[in-house]
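Q: Dropping a prediction and its sequence here:
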Amino acid sequence: MTDLRIGIVGVGAMGADHAERIVRRTSGARLVAVSDPDTARAEELASRLSAAPGAGTSPSVVRVVTDPLALIGARDVDAVILASPGFAHAEQLFACLEHGKPVLCEKPLTMDAASSLQVVEAEHKLGRQLIQVGFMRRFDPEYDALKQLLDSGELGRPLLLHNVHRNKANGPGFRSEMIVRDSMVHEVDVARWLLDSEISKITVHAPKPTSSVPEGVLDPQFAVFEMANGAMADVEVFVNFQVGYEVRCEAVAERGSATIGLGSGVVTRAAGHWGGAMPEDFRIRFDLAYDIEVQRWVEAVGRGEIDGPSAWDGYAAAAVCEAGVESLSTGQPVTVDLADRQAVLG
Ligand SMILES: NC(=O)C1=CN([C@@H]2O[C@H](COP(=O)(O)OP(=O)(O)OC[C@H]3O[C@@H](n4cnc5c(N)ncnc54)[C@H](O)[C@@H]3O)[C@@H](O)[C@H]2O)C=CC1
Ligand SMILES: O=C1[C@@H](O)[C@H](O)[C@@H](O)[C@H](O)[C@H]1O
């Protein structure tokens, strides 16, 4: 079997992480090209990984392509990973669709619901699913086990979901609405997926902010999602927690509850303390989830399919986040304006 030849657009934190993953830990795939306006960064990564022993059947020889659209259109690129900033996704996704290239697009799909819906419609017109969105939590073994437990019916009907999402720190440029669109968007997807329902209404509250953020930034935030099927979810998102990376989820159902993310891996007792380590960031906490996500995507592309969150999931999340940003400014519940799925996708 020949390797899937992958090009990565944007090689900052996530793109570089995915590049390492493709080269070192993904079977049936080979990294052939990277593109980033920071050409020095792209050159350094390409030369480092071209020399690396790989997991594919042939070694990666990685070239730098200056124009991301040229990378997407290149004949020797079979599939694309988009790890550019969200504002660049729409144009790059349309290019992938135009060239018929399967694409794993990091969240968010695009920055607003209207352009996300245009992406969904353009893909639908093609008649095949080429876009998978990088909501990697669906591939995390703990989240996956929780999903299977809820779907089994053992606990009865899920009623509530309590979520905690904390980052150690984010730069001063990380504004209040980005906490909704970039961070809370993960819980938006988790709630839709675990509770098997669209979110019909969202309220985002903000307590008096932590003193770790610049004036005007609302961190932490606390949101309530009302699901179309009557269930509810809440989420605390706190992106300047200072301590470490922490993601937890508790599902409450009619006959029991289940919690994931307690971080009870290795517990040590030393120097007068007991406990475990807190990951610094998502790349450590969700390392295995990203590995599984990318490996399964590569295999699905080989079958001409996707195997994970679709463009519709990306659009639905964008529509919820848009309502969430509006709610953040008023503190009032906002009804999510979601297109009729049947009317869009038939
Ligand atoms: N699934 C997850 O847990 C995570 C997903 N992300 C997502 O990954 C994407 C990238 O985020 P990070 O790597 O954290 O950002 P970053 O800022 O570390 O890297 C972005 C890279 O894209 C490059 N870039 C800027 N404009 C570009 C353009 N028009 N075309 C191509 N490249 C361009 C920058 O030079 C930079 O190297 C975002 O969509 C973000 O939301 C980020 C962190 C975690
Ligand atoms: O997607 C991610 C980042 O973009 C976001 O900024 C973080 O808050 C999330 O924890 C991480 O998973």
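A: Nice, thanks for sending it over. Ligands and ions are numbered 1, 2, ... in the order given.
Q: Residue in the stretch 101-250 of the chain with the shortest distance to ligand 2?
A: Across the stretch 101-250 of the chain, no residue is closer to ligand 2 than residue 183, which sits at 3.3 Å (CB to the nearest ligand atom). All C-beta atoms are positioned from the backbone trio N, CA, C, and that covers glycine.
Q: Distance check, that residue against residue 98.
A: Note on residue 183: its distance to residue 98, by CB to CB, to the nearest Å, is 31 Å.
Q: how about the helices of the stretch 51-200 of the chain, start to end?
A: Assigned helices in the stretch 51-200 of the chain, in chain order: 68-73, 89-98, 113-126, 141-152, 176-178, 185-194 (criterion: DSSP state H, counting those that start in this stretch).
Q: Mind putting those into CSV with mean neighbour count, mean pLDDT and distance to ligand 1?
A: Formatted as CSV, the helices of the stretch 51-200 of the chain follow (neighbours: other CB atoms under 10 Å; pLDDT from 0 to 100; distance: least, CB to the nearest ligand atom, whole Å):
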stretch, mean neighbour count, mean pLDDT, distance to ligand 1
helix 68-73, 20, 98, 4
helix 89-98, 20, 98, 7
helix 113-126, 18, 98, 13
helix 141-152, 15, 96, 13
helix 176-178, 17, 96, 9
helix 185-194, 24, 98, 7
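Q: Now tabulate those in JSON lines and tack on distance to ligand 2.
A: As requested, the helices of the stretch 51-200 of the chain are exported to JSON lines (distance: least, CB to the nearest ligand atom, whole Å):
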{"stretch": "helix 68-73", "distance to ligand 2": "19"}
{"stretch": "helix 89-98", "distance to ligand 2": "13"}
{"stretch": "helix 113-126", "distance to ligand 2": "17"}
{"stretch": "helix 141-152", "distance to ligand 2": "13"}
{"stretch": "helix 176-178", "distance to ligand 2": "7"}
{"stretch": "helix 185-194", "distance to ligand 2": "6"}
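Q: Of all the ones you listed, which one comes closest to residue 230?
A: With distances scored as CB to CB, the stretch of the helices of the stretch 51-200 of the chain nearest to residue 230 is helix 185-194 (13.1 Å).
Q: who's in contact with that closest one?
A: Defining contact as CB atoms under 8 Å, 6 or more residues apart in numbering, one finds that helix 185-194 is touched by 107-108, 135, 137-138, 143, 146-147, 150, 158, 161, 163, 165, 198-199, 223, 225, 227, 233, 235, 237, 249, 251, 309, 313, 316-318, 320-321, 324.
Q: can you check stretch 336-346 too?
A: Taking CB under 8 Å, 6+ apart as the criterion, the residues outside stretch 336-346 that touch it are 113, 117, 120-121, 124, 198-202, 312, 315-316, 319-320, 322-323.
Q: how about a cut-off of 10 Å?
A: Contacts with stretch 336-346, where a contact means CB atoms under 10 Å, 6 or more residues apart in numbering, come from 113-114, 116-117, 120-121, 123-124, 188, 198-202, 225-226, 228, 310-312, 315-316, 318-324, 326.
Q: Of all the residues in that stretch, which ones are buried?
A: For stretch 336-346, the buried set under the neighbour-count rule, 16 or more other CB atoms under 10 Å, comprises 336, 338, 339.
Q: what do you get for stretch 286-302?
A: Buried positions in stretch 286-302, judged by neighbour count with 16+ other CB under 10 Å: 286-287, 289-295, 297-302.
Q: lowest-pLDDT helix or strand in the chain?
A: The helix or strand of the chain with the poorest confidence is strand 268-270; it has a mean of 81 (mean pLDDT, DSSP states H and E).
Q: for it, packing partners?
A: Secondary-structure packing of strand 268-270 (3 or more CB pairs under 10 Å, 6 or more residues apart in numbering; DSSP states H and E): strand 273-275.
Q: and the strand it packs on, average pLDDT?
A: Confidence over strand 273-275 (mean pLDDT, whole number) is 84.
Q: Check which helices and strands the helix or strand following that strand is in contact with.
A: Note on strand 273-275: by DSSP states H and E, the next helix or strand toward the C-terminus is helix 282-285. For helix 282-285, the helices and strands in contact under the criterion 3+ CB pairs under 10 Å, 6+ apart are helix 13-25, strand 246-253, helix 287-302.
Q: Show me the shaky parts of this protein.
A: Along the chain, the parts satisfying pLDDT under 70 run over 1, 53-59.
Q: Where is the longest helix in it?
A: The helix of greatest length in the chain, counted in residues with DSSP state H as the criterion, is given as helix 311-330.
Q: For it, buried residues please.
A: 311-328.
Q: and if you look at stretch 234-253?
A: Applying a neighbour-count criterion of 16+ other CB under 10 Å, the buried positions in stretch 234-253 are 234-241, 244-253.
Q: Equivalent analysis for stretch 26-40, please.
A: Of all the residues in stretch 26-40, those buried under the rule 16+ other CB under 10 Å are 26, 28, 29, 30, 31, 32, 33, 34, 35, 36.
Q: now swap in stretch 274-287 and tell me
A: Neighbour-count burial for stretch 274-287, counted by 16+ other CB under 10 Å, picks out 279, 282, 285, 286, 287.
Q: What is the end-to-end distance of stretch 208-217?
A: Separation of the first and last residues of stretch 208-217 by CA to CA, to the nearest Å is 10 Å.
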